[in-house]
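S.K.: Fold the following, please.
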Amino acid sequence: MAIRRTPFHEFHKEAGARLIDFGGWEMPVQYKGILEEHHGCRNAVGLFDVSHMGEVRFRGPKALDAVQHLITNDLSKAAFGQAQYTAMCNDHGGIVDDLICYRIGPEEILICVNAANRDKDYNWMKSHNPFGVDISNESDFWAQIALQGRHAEAIFKKLTDAPLPGTYRFTQGAVAGVEGCIIAGTGYTGEAGYELFLPAGAADILWNAVQSAGAEFGLVNVGLGARDTLRLEMKYSLYGNDITDDTTPLEAGLGWVTKLDKGDFIGREPLVAQKAAGIPRRLVGLEIEGRIARPHSAVLSEGQPVGEVTSGGLSPSTKKNIALAYVPDALAKVGTRLEVDVRGKTAAAVVSKTPFYTRPY
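M.R.: Residues are numbered from 1 along each chain as shown. The predicted structure is shown next:
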């Protein structure tokens with residue numbers, strides 16, 4: 001299969017980005033260095049190309065019913081103009097994907113899906129549609145950027161007259177003269193900021209406009225490397241690492257978006273059973289002494305394997321080695337002492353309170 005490129009590909013090349021294959025997409029892993037980009041986002045503002053994400057639209061009188069049937073959260077509680085984070089489960093309660101649903105109107109919902117799951121999610125949604133609503137894959141129509149950091153609001157105010165939304169809200173309007181944009185108060189970094197959906201054909205206009213408006217605020221381009229360190233510091237799950245078809249939202253710490261009392265949805269029955277029986281393992285944060293753990297590193301208790309690291313690295317903000325890992329429920333309490341096998345050498349670890357980082361503004 002030919003590698004895919006976002007509408008901003010040429011801009012990444014011009015900026016000197018190091019490009020890699022990321023799930024079939026040629027994406028920038030870094031421009032000037034992961035640490036510089038990480039701190040640039042935390043201390044000023046960062047611009048991310050997230051156009052590889054997918055968008056699926058539900059239309060029809062039963063649009064809400066169709067989405068409620070698929071997701072764990074209760075979208076009926078969201079007002080029009082509100083976004084909602086959720087999981088979508090399989091018949092066994094495993095996570096097909098984690099999503100953000102945008103409730104546009106009484107008969108229209110837009111759902112943002114993870115890049116690697118574009119086709120999988122769309123096919124799952126189409127094949128689990130007993131309500132007969134129109135489900136369309138709009139992923140190729142949209143480009144998407146994220147502007148994250150303390151100066152994001154000031155930059156957007158230079159680009160649009162549309163009212164800027166609060167957290168997990170969204171508005172529609174023109175940005176830099178481009179009509180049909182969606183501005184959402186969402187992100188994957190723990191910083192204040194926005195994600196902007198824009199028609200793919202207007203990518204060049206928006207990229208240049210944001211760069212120009214952001215210059216005075218120290219805007220930095222941010223690649224996938226720093227995107228990963230930023231989200232890891234917040235304990236935001238990465239699909240394929242921390243959550244998969246074989247992990248349940250209850251195990252992954254996503255019980256807060258799993259509304260077992262909202263009525264039936266795919267995967268509800270096994271989740272109810274798991275909660276009643278006792279959740280066997282939990283995704284926890286670890287601080288590790290002296291060594292950086294990577295995915296699949298074994299977690300040990302008294303020398304015996306009890307779990308596995310799913311994400312890990314150095315936290316640029318705290319200067320600590322951090323990781324996410326699944327461990328038995330009995331070992332998931334903050335302060336529990338464990339070890340991690342890092343390439344054959346044992347490093348001391350402790351279950352840590354998360355998020356690892358909290359923004360100071």
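S.K.: First residue to last residue on stretch 298-307, what's the distance there?
M.R.: 6 Å (C-alpha to C-alpha, to the nearest Å).
S.K.: er, stretch 216-232 I mean
M.R.: End-to-end distance for stretch 216-232, by C-alpha to C-alpha: 28 Å.
S.K.: Now for Ile3, how many residues are close by?
M.R.: 12 (other C-beta atoms under 10 Å). Heads up, the C-betas are built off the backbone N, CA and C, glycines and all.
S.K.: okay, now Ile155: neighbour count?
M.R.: By other C-beta under 10 Å, the residues close to Ile155 number 24.
S.K.: hang on, Leu250 packs against Gln274?
M.R.: Yes. Between Leu250 and Gln274 a contact is recorded at 5.7 Å, counting by C-beta atoms under 8 Å.
S.K.: Give me the more crowded residue out of those two.
M.R.: Neighbours were counted for Leu250 and for Gln274 using other C-beta under 10 Å; Leu250 has more, 22 against 17.
S.K.: List the contacts of that one.
M.R.: Gly93, Thr258, Leu271, Gln274, Lys275, Ile279 (C-beta atoms under 8 Å, 6 or more residues apart in numbering).
S.K.: now swap in Asp246 and tell me
M.R.: When contacts are taken as C-beta under 8 Å, 6+ apart, Asp246 is in contact with Gly94.
S.K.: Am I right that it falls within a helix?
M.R.: No. With DSSP: H, G, I helix; E, B strand; the rest coil as the criterion, Asp246 is coil rather than part of a helix.
S.K.: Now the phi/psi pair for it, please.
M.R.: The phi and psi values for Asp246, taken as degrees, to the nearest 10, are phi -110, psi 0.
S.K.: Same question for Asn123.
M.R.: Torsion angles, degrees, to the nearest 10, at Asn123: phi -70, psi -40.
S.K.: ok so, going back, would you format the contacts of Leu250 as TSV with pLDDT and secondary structure included?
M.R.: Shown next, in TSV, are these (pLDDT from 0 to 100; DSSP: H, G, I helix; E, B strand; the rest coil):
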residue	pLDDT	secondary structure
Gly93	98	coil
Thr258	98	coil
Leu271	98	helix
Gln274	98	helix
Lys275	98	helix
Ile279	98	coil
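S.K.: Can you show me the strands along the stretch 251-361 of the chain?
M.R.: 281-288, 298-301, 304-314, 321-328, 337-342, 345-352 (DSSP state E, counting those that start in this stretch).
S.K.: Tell me which of those sits nearest to Asn129.
M.R.: For Asn129, the closest of the strands of the stretch 251-361 of the chain is strand 281-288, at 30.5 Å, according to C-beta to C-beta.
S.K.: Could you give the average pLDDT over that closest one?
M.R.: Averaging pLDDT along strand 281-288 yields 98.
S.K.: could you give the angle of that strand to strand 345-352?
M.R.: Calculated by axes from the mean of the first three to the mean of the last three C-alpha atoms, to 10 degrees, strand 281-288 forms an angle of 110 degrees with strand 345-352.
S.K.: From the contact counts, what lies against strand 281-288?
M.R.: For strand 281-288, the elements it packs on are strand 304-314, strand 321-328, strand 337-342, strand 345-352, judged by 3 or more C-beta pairs under 8 Å, 6 or more residues apart in numbering; DSSP states H and E.
S.K.: repeat that for 7 Å
M.R.: Contacts defined by 3 or more C-beta pairs under 7 Å, 6 or more residues apart in numbering; DSSP states H and E place strand 281-288 against strand 321-328, strand 345-352.
S.K.: now the ones you listed as JSON lines including distance to Val113 and mean pLDDT?
M.R.: What follows is the helices and strands packed on strand 281-288, written out as JSON lines (distance: least, C-beta to C-beta, whole Å; pLDDT from 0 to 100):
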{"stretch": "strand 321-328", "distance to Val113": "22", "mean pLDDT": "98"}
{"stretch": "strand 345-352", "distance to Val113": "30", "mean pLDDT": "97"}
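S.K.: For Val284, give the beta-bridge partners.
M.R.: Applying DSSP bridges to Val284 gives these bridge partners: Ala325.
S.K.: thought it was touching Ala325?
M.R.: Yes. Between Val284 and Ala325 there is a contact under C-beta atoms under 7 Å: 6.2 Å.
S.K.: quick one: which of the two has more around it?
M.R.: Ala325 (30 against 26).
S.K.: Next one: that one from Gly278, what distance?
M.R.: Applying C-beta to C-beta, to the nearest Å, the value for Ala325 to Gly278 is 19 Å.
S.K.: got a list of contacts for stretch 163-176?
M.R.: Applying C-beta atoms under 7 Å, 6 or more residues apart in numbering, the external contacts of stretch 163-176 come out as 81-84, 102, 153, 156, 159-160, 162, 181-186, 196, 198, 205-206, 209.
S.K.: I meant stretch 62-82, not that one.
M.R.: If you take C-beta under 7 Å, 6+ apart as the criterion, stretch 62-82 is touched by 58, 84, 86-89, 99, 101, 103-105, 107-109, 125, 128-129, 131-133, 168-171, 249, 257-259, 262, 265-266.
S.K.: Make TSV out of the strands of the stretch 251-361 of the chain and add distance to Asp228.
M.R.: Converted to TSV, the strands of the stretch 251-361 of the chain look like this (distance: least, C-beta to C-beta, whole Å):
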stretch	distance to Asp228
strand 281-288	15
strand 298-301	20
strand 304-314	7
strand 321-328	12
strand 337-342	18
strand 345-352	18
